[in-house]
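> here is my input, please return the structure:
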Amino acid sequence: MPLGQRLPKLGGFKNPFKRVYAVVNLTKLNRFPDGATVDVEDLYEAGLARPGVPVKLLGTGRLRRRLEVSAHAVSERARSAIEGKGGRVTVVDEPGRPPRKTARG
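Numbering: from 1, shown residues only. Reported below is the predicted structural model:
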């Protein structure tokens with residue numbers, strides 16, 4: 001039997017540029033007091049994300065507090081929910097990774 005038929009087939013494409021995020025939903029942010037400034041280190045200390053993993057905020061759930069949040073990535077729904085409550089969202093760069101290139105430059 002030829003060698004190509006004897007070797008196992010590896011399925012799929014493995015993207016070497018895949019970004020893996022620790023996901024934090026809006027409902028998890030309700031544990032912080034109203035008007036607090038929440039950064040990535042606070043999310044690590046609260047046990048919402050594993051230290052060293054970039055954090056992404058998703059818009060699942062309901063936010064009941066006005067917060068100033070900084071994370072590595074934010075969905076549009078999460079951004080509009082936080083800003084709708086009078087809060088502010090800041091996107092920080094991931095350590096050790098160059099900034100993303102966009103179509104504009």
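> residue 73: how many residues sit nearby?
Neighbour count of residue 73, defined by other CB atoms under 10 Å: 17. For the C-beta atoms, the positions are set from N, CA and C on the backbone; glycine is no exception.
> quick check: closest non-adjacent residue to it.
Leaving aside its chain neighbours, residue 73 sits nearest to residue 56 (4.1 Å; criterion: CB to CB, 6 or more residues apart in numbering).
> can you list contacts of the one helix or strand that neighbour maps to?
Per DSSP states H and E, residue 56 falls inside strand 55-58. Residues from elsewhere that reach strand 55-58 (CB atoms under 8 Å, 6 or more residues apart in numbering): 21-26, 29, 40, 43, 48-49, 69, 71-75, 77-79, 82, 89.
> now do the strands in this protein.
22-25, 37-38, 55-58, 68-71, 73-74, 88-91 (DSSP state E).
> partner strands of the third one and their direction?
Which is strand 55-58. Applying DSSP bridges, strand 55-58 is found paired with strand 22-25 (parallel), strand 73-74 (parallel).
> make CSV out of those and add mean pLDDT and distance to residue 2.
Supplementary listing: the strands paired with strand 55-58 in CSV, determined by pLDDT from 0 to 100; distance: least, CB to CB, whole Å:
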stretch, mean pLDDT, distance to residue 2
strand 22-25, 96, 45
strand 73-74, 94, 47
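> and residue 12, which of these is closest to it?
strand 22-25 (22.8 Å; CB to CB).
> report the separation between residue 4 and residue 42.
Using CB to CB, to the nearest Å, one gets 54 Å for the distance from residue 4 to residue 42.
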